[in-house]
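[1] Need a 3D model of the sequence below.
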Amino acid sequence: MAQDLLWLNGDIMPLEEGRVNVQDRGLLFSDGIYEVINFYNGKPFTLREHLERWEKSASGILLDSPGTIEERMQVLMDLAGKSGYRNASVYGQLTRGTAPRNHLFPSNDTPPTEFWFARPTPEFTSGVKEKGVSLATHPDERWEHCEFKTISLLPNCLAKERAKRQGAFEALQYLKNDIVTECSASNAWCVRDGVVFTHPATHRILNGITRMAIIDVAYALGIEVREEAVSLREFLASDEVFISSTTMEVMPVTAIDNKPVGSGRVGSVTTKLMKGLRERIVADCEAAAV
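    Residues are numbered from 1 along each chain as shown. All right, here's what the predicted structure looks like:
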């Protein structure tokens, strides 16, 4: 029988039994990193790429990540397999560990806290990708190192909640100079005259693993991609808009701030990328070793 499972510092248990110390620095200071990896029919998609970014994020906040990528890959394969879910979403978090509350880092011999849990992959309401979703614009209030996947996500949560209260699916964030960066929990894309635009992978955005896969898929399909900054005005005037993440893959956007994007229907470029990414996922997972 499938169940939500947790791997916590080497031990596997039902997710609801997991506990961390109240002095864990992840709880006190949001001092940690995270990743999310999807398994399709028991096989992970871009597992190594996610774990390489995990290492980059840890290094970016001066946090030593224990073990090797290969060891962590085995942990996640075992966890997903034991959960019994064929389509699983595996979330992982690494913090600087438990120590008396102090802004200074604890001693180097303080063991980090690492956990991963496996749950069913989120499913979207039937037809949502055929109709598309709506976005609400929101000022980008995050810190200066969005390229690291840290657990300091309060500004993201506030943006997404405000979007929800406006009846939107996601928040489209923009800087003080009106440059669009990304959404609260996904990368943002627009299509203008058949060309796909997305913000360059600088410190202003998280370079999504799915984002990189979409760029590869686009080139394979002969679709031009430009990693260039786009103003909010240009973004709102685009022919098509879509967003992407590990759990959503490609999600079409048909309205922003209650106004239609282009024709108000899912566009042809978005449809091609949605189909192309899914085909790559299936092919990569089928080719993966058992």
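[2] confidence score at Glu49?
    Note on Glu49: pLDDT of 98.
[3] residue contacts, Gly267?
    If you count contacts by C-beta atoms under 8 Å, 6 or more residues apart in numbering, Gly267 has them with 191, 239-240, 252. All C-beta atoms are positioned from the backbone trio N, CA, C, and that covers glycine.
[4] Which stretches in the stretch 51-200 of the chain count as helices?
    Assigned by DSSP state H, counting those that start in this stretch, the helices in the stretch 51-200 of the chain fall at 69-83, 128-131, 154-165.
[5] Turn these into JSON lines, columns for distance to Ala2.
    As requested, the helices of the stretch 51-200 of the chain are arranged in JSON lines below (distance: least, C-beta to C-beta, whole Å):
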{"stretch": "helix 69-83", "distance to Ala2": "6"}
{"stretch": "helix 128-131", "distance to Ala2": "24"}
{"stretch": "helix 154-165", "distance to Ala2": "28"}
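[6] These: which one's closest to Ser263?
    Each of those has some distance to Ser263 by C-beta to C-beta; the shortest is helix 128-131, at 12.8 Å.
[7] Buried residues in the closest one, which are they?
    Lys129 (16 or more other C-beta atoms under 10 Å).
[8] The chain should start at 58 in everything you say after this.
    In the new count, where the first residue is 58, that last one comes out as helix 185-188.
[9] who touches that helix?
    Contacts of helix 185-188 (C-beta under 8 Å, 6+ apart): 307-309, 311, 323, 331.
[10] which sections of the stretch 158-307 of the chain are below the confidence cut-off?
    Within the stretch 158-307 of the chain, no range satisfies pLDDT under 70.
[11] And the strands in it, which stretches?
    170-177, 190-196, 227-231, 237-240, 244-249, 252-255, 282-284, 297-302, 306-313 (DSSP state E, counting those that start in this stretch).
[12] Give the other helices and strands that the third one contacts.
    In terms of contacts (3 or more C-beta pairs under 8 Å, 6 or more residues apart in numbering; DSSP states H and E), strand 227-231 is packed against strand 190-196, helix 211-222, strand 237-240.
[13] ditto for the first one
    Packing partners of strand 170-177 (3+ C-beta pairs under 8 Å, 6+ apart): strand 62-65, helix 126-140, strand 145-152.
[14] want to try CSV for the ones you listed, with mean pLDDT, mean neighbour count and distance to Gly189 as columns?
    As requested, the helices and strands packed on strand 170-177 are exported to CSV (pLDDT from 0 to 100; neighbours: other C-beta atoms under 10 Å; distance: least, C-beta to C-beta, whole Å):
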stretch, mean pLDDT, mean neighbour count, distance to Gly189
strand 62-65, 98, 21, 34
helix 126-140, 98, 17, 31
strand 145-152, 98, 22, 22
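[15] Need the ones you listed in CSV (columns: distance to Ala220).
    Formatted as CSV, these follow (distance: least, C-beta to C-beta, whole Å):
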stretch, distance to Ala220
strand 62-65, 30
helix 126-140, 31
strand 145-152, 22
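[16] mind listing what's buried in stretch 267-278?
    Within stretch 267-278, the residues scored as buried using 16+ other C-beta under 10 Å are 267-268, 270-272, 274-275.
[17] Which of those residues sits closest to Glu198?
    Of all the buried residues of stretch 267-278, the one with the least separation from Glu198 (C-beta to C-beta) is Arg268, at 21.5 Å.
[18] okay, now the residue nearest to that closest one when sequence neighbours are not counted: neighbour count?
    Among residues not flanking Arg268 along the chain, Asn244 sits closest, at 4.5 Å (C-beta to C-beta, 6 or more residues apart in numbering). Counted by other C-beta atoms under 10 Å, the residues lying close to Asn244 total 23.
[19] Would you confirm that Asn244 contacts Ser301?
    Yes: with contacts counted by C-beta atoms under 8 Å, Asn244 reaches Ser301, the gap being 5.0 Å.
[20] any residues in contact with both of those two?
    Residues touching both Asn244 and Ser301 (C-beta under 8 Å, 6+ apart) are 265, 267-268.
[21] now those in TSV, with distance to Ala286?
    Converted to TSV, the shared contacts of Asn244 and Ser301 look like this (distance: C-beta to C-beta, whole Å):
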residue	distance to Ala286
Gly265	17
Thr267	20
Arg268	15
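[22] ok, now which ones touch the residue positioned nearest the centre of the chain?
    For the chain, the residue nearest the mean C-alpha position is Ser302 (4.7 Å; C-alpha atoms, centre = their mean). Neighbouring residues of Ser302 by C-beta under 8 Å, 6+ apart: 242-244, 265, 267, 308.
[23] Thank you kindly, that will do.
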